[in-house]
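Colleague: With the input below, show me the fold.
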Amino acid sequence: HTIGLIRSRGIRELDQELRRFAARNTEAPELRTAALGALASHHLPLSESDFQFLSALLQPASDATLRFSAAQALGQAELDDHQLLTLAREILPQADALILSTLLDAFRSTKSEEAGQALIAALMNPAMNLNGVGSKRIEELLQSFPQQVQLAAKPLQERFQSEQDSRLVRLRELQPLLSSSGDLGRGRSIFFGKKVACSSCHTLGAEGGHVGPDLTSVGSIRSGHDLLEAIVFPSASFVPGHEVFRVKMKKSNEILTGVKGEQDIDALILITGPNGEIRIPRDQIASMEPSAVSLMPEGLDTSLTQSEFVDLLAFLQAQK
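Modeller: Presented below is the predicted three-dimensional model:
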């Protein structure tokens, strides 16, 4: 809670203490990651040991919330060229829907042609699922790169269009899973488990997070088709009160993305993820506009086996 407060209030006077805390191997990975996330939110460089520590947490076997927090820290930090090349060549090709979009933020300010070409090569990997990224996001990301990098990215647009056209086909293919006989107990374990960590963002009864909509009665509010679309393509529609906004800061031109939390006449809280809240004074905001991209990554169904996905759908449909 203390680290969260330091981060949300943008307190920089404790950076050295946070660095020492993050470097201690005796601390829990969750606490070290939170400390590095607070430092990264100030767009500070990461030591090679910190970079390796966060990279190791991105493995699929890690807790989903911890993986996302590590990806957020890497995405916000000022990585050097060597770290960016490692990210593009070794980490991005293995990244799944939960962390891919967040990791791309690491390339937001570099102008390195070598890093840009490595990024394009990673995104062109046929095995990579780009559903949760979007062509507009890539266009914005590549604006600071040299012309050669932007030209190399042209084939990506064709791939995005092809994958966009396949969305309806994908939903039709998954539709029969809604009527399959899933196991509610196993579905509950998946919802509250570590693999996709639904409960880190969504509340069910008295348990869970408050980033996304409360799902306590979702089975009586949303049809099975709506549930399926919300999981596979979460940016297709937004629940009122949980719209995502892009906030541009005056001094730094930095863009923060999140859901509005508590607010008053002086400031608002922007919820950027399961462990991310930032207090933004209103007089520091240059503009605020709705985003077309959900905080929930697309394609989470691909992180589950078909039987696990069937169990999760059955569990959610039963919440009435």
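Colleague: any idea where the strands of this structure begin and end?
Modeller: In the chain, the segments counted as strands under DSSP state E are 203-204, 207-208, 244-249, 255-263, 267-273, 276-281, 285-290.
Colleague: OK, contacts around the residue positioned nearest the centre of the chain?
Modeller: Nearest to the geometric centre of the chain sits Thr102, at 4.6 Å (C-alpha atoms, centre = their mean). Contacts for Thr102 (C-beta atoms under 8 Å, 6 or more residues apart in numbering) come out as Phe68, Ala71, Gln72, Gly75, Pro297. Quick note: C-beta positions are derived from backbone N, CA and C, even for glycine.
Colleague: tell me, how many neighbours does the spatially closest residue to it that is not a sequence neighbour end up with?
Modeller: Excluding its sequence neighbours, the residue lying closest to Thr102 (C-beta to C-beta, 6 or more residues apart in numbering) is Ala71, at 4.2 Å. Per other C-beta atoms under 10 Å, the neighbour tally for Ala71 reads 27.
Colleague: Looks like Ala71 contacts Ala106 (just checking).
Modeller: No. Ala71 is beyond contact range of Ala106, at 9.2 Å (criterion: C-beta atoms under 8 Å).
Colleague: Where does pLDDT dip in the stretch 101-250 of the chain?
Modeller: Counting by pLDDT under 70, the stretch 101-250 of the chain shows low-confidence ranges at 129, 131-132, 134-135, 163-165.
Colleague: Could I get the full set of helices for it?
Modeller: Taking DSSP state H, counting those that start in this stretch, the helices of the stretch 101-250 of the chain run over residues 113-123, 135-142, 147-152, 154-165, 167-174, 184-191, 218-221, 224-232.
Colleague: Just name the most buried of the ones you listed.
Modeller: Mean neighbours per residue, mean count of other C-beta atoms under 10 Å, is largest over the helices of the stretch 101-250 of the chain for helix 113-123, with a mean of 20.
Colleague: How far off centre is that helix?
Modeller: Centre-to-centre, helix 113-123 and its host chain are 21 Å apart (C-alpha atoms, centre = their mean, to the nearest Å).
Colleague: what helices or strands is it leaning on?
Modeller: In this structure, helix 113-123 packs against helix 81-86, helix 147-152, with contacts taken as 3 or more C-beta pairs under 8 Å, 6 or more residues apart in numbering; DSSP states H and E.
Colleague: closest one to Phe21 among the ones you listed?
Modeller: Phe21 lies closest to helix 81-86 among the helices and strands packed on helix 113-123, at 21.3 Å (C-beta to C-beta).
Colleague: mean confidence for that closest one?
Modeller: The average pLDDT for helix 81-86 rounds to 95.
Colleague: Same question for stretch 28-48.
Modeller: Averaged over stretch 28-48, pLDDT sits at 90.
Colleague: For it, buried residues please.
Modeller: Of the residues in stretch 28-48, 29, 32-41, 44, 46 count as buried by neighbour count, 16 or more other C-beta atoms under 10 Å.
Colleague: Show residues contacting that stretch.
Modeller: For stretch 28-48, the surrounding residues in contact (C-beta under 8 Å, 6+ apart) are 3-4, 6-7, 10, 12, 15, 18-19, 21-22, 24, 50, 53-54, 57, 66, 69-70, 72-80, 83, 254, 275-276, 278.
Colleague: Just give the number of residues close to Val259.
Modeller: 22.
Colleague: Please report how far it lies from Glu140.
Modeller: With the distance defined as C-beta to C-beta, to the nearest Å, Val259 ends up 20 Å from Glu140.
Colleague: quick one, phi psi at the residue lying farthest from the centre of the chain?
Modeller: Largest separation from the mean C-alpha position in the chain: Ser181, at 30.7 Å (C-alpha atoms, centre = their mean). Phi and psi for Ser181, reported as degrees, to the nearest 10, are phi -90, psi 90.
Colleague: List the residues that contact it.
Modeller: By C-beta under 8 Å, 6+ apart, the contact set of Ser181 is Ala314.
Colleague: What separation do you get for it and Val232?
Modeller: Distance, Ser181 to Val232, by C-beta to C-beta: 20 Å.
Colleague: ok, now Arg167?
Modeller: 8 Å.
Colleague: So what would you say the end-to-end distance of stretch 296-303 is?
Modeller: Taking C-alpha to C-alpha, to the nearest Å, stretch 296-303 runs 13 Å from one end to the other.
Colleague: let me fix that: stretch 146-161
Modeller: End-to-end distance of stretch 146-161 (C-alpha to C-alpha): 24 Å.
Colleague: now it, how far from the centre of its chain.
Modeller: That offset, for stretch 146-161, works out to 23 Å (C-alpha atoms, centre = their mean).
Colleague: what's the average pLDDT for stretch 57-66?
Modeller: Averaging pLDDT along stretch 57-66 yields 83.
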